[in-house]
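*Asks:* What follows is a predicted structure for the sequence shown.
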Amino acid sequence: AQSVTQLGSHVSVSEGALVLLRCNYSSSVPPYLFWYVQYPNQGLQLLLKYTSAATLVKGINGFEAEFKKSETSFHLTKPSAHMSDAAEYFCAVSGGAGGTSYGKLTFGQGTILTVHP
Amino acid sequence: SAVISQKPSRDICQRGTSLTIQCQVDSQVTMMFWYRQQPGQSLTLIATANQGSEATYESGFVIDKFPISRPNLTFSTLTVSNMSPEDSSIYLCSVSRTGDYGYTFGSGTRLTVV
């Protein structure tokens, strides 16, 4: 079984400020972890993924996330927010390759990021 | 990553009717999935589309309501049958290739049932 909790349904930052979106997961098997972004009326775009290699993962648009097994966390950060970062962000977990939950993404409830000028 | 074409992009349907959504990928993929995103909600996996065999459904979803086909490695359809207003959602196709542990999503089909 697997689950994802995103802390904070809405996060608001000023342009140029640090972005921190929190994600905690639960998984009975070694997890693969993902962050997706969804702009209004669009599908999901993969920002980054953790698949048991380096624990600090760098993604597109300056985002990065760190897998911390001891804390069961995979928080998303960006040093300096841009207006174009305003969107909804989803954290997701799946089981690793070879497992029965491989490929089946369980999503968190999403965090809406607002960026103020 | 794979490029997905999902059709239609949106539709307004009468209750009691059915709608078939198509997912076409520009290259062969090993895994195809269908998700539902209800208004203001997160995504929920409906089923795994298996090539040449019956789809594997998640708890709460049944084949009679959401029949799925996958005749080859680049194409799948999801039908939403006997629709009611509660079926109003965004339906998304997702794919993955062997060795590529990221999952690419289509742009979704926004369905409104009236």
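*Replies:* Noted; the coordinates are in hand.

*Asks:* so what's the residue nearest the centre of chain A up against?
*Replies:* Geometric centre of chain A, nearest residue: A:W35, 3.1 Å, by CA atoms, centre = their mean. The contact partners of A:W35, taken as CB atoms under 8 Å, 6 or more residues apart in numbering or on different chains, are A:21, A:23, A:46-49, A:59, A:63, A:65, A:74, A:76, A:89-92. C-betas here are computed from N, CA, C, even on glycine.

*Asks:* Tell me the bridge partners for it.
*Replies:* A:L48, A:C91 (DSSP bridges).

*Asks:* and the gap between it and chain B?
*Replies:* According to CB to the nearest CB, to the nearest Å, A:W35 stands 11 Å off from chain B.

*Asks:* okay, that residue: pLDDT?
*Replies:* Here the pLDDT value assigned to A:W35 is 97.

*Asks:* A:S9 now?
*Replies:* pLDDT at A:S9 comes out at 95.

*Asks:* Count the residues that sit near it.
*Replies:* Close neighbours of A:S9, defined as other CB atoms under 10 Å in any protein chain shown, add up to 11.

*Asks:* mind listing what the nearest residue to B:S42 once chain neighbours are set aside touches?
*Replies:* Sequence neighbours aside, A:F107 is the residue nearest to B:S42 in space, at 4.5 Å (criterion: CB to CB, 6 or more residues apart in numbering or on different chains). Counting by CB under 8 Å, 6+ apart, A:F107 touches A:V4, A:F90, A:C91, A:A92, B:S42, B:L43, B:T44.

*Asks:* By neighbour count, which of the residues you listed wins?
*Replies:* A:C91 (30 neighbours).

*Asks:* Correct me if wrong: that one contacts A:F74.
*Replies:* Yes - using CB atoms under 8 Å, A:C91 is in contact with A:F74, at 6.4 Å.
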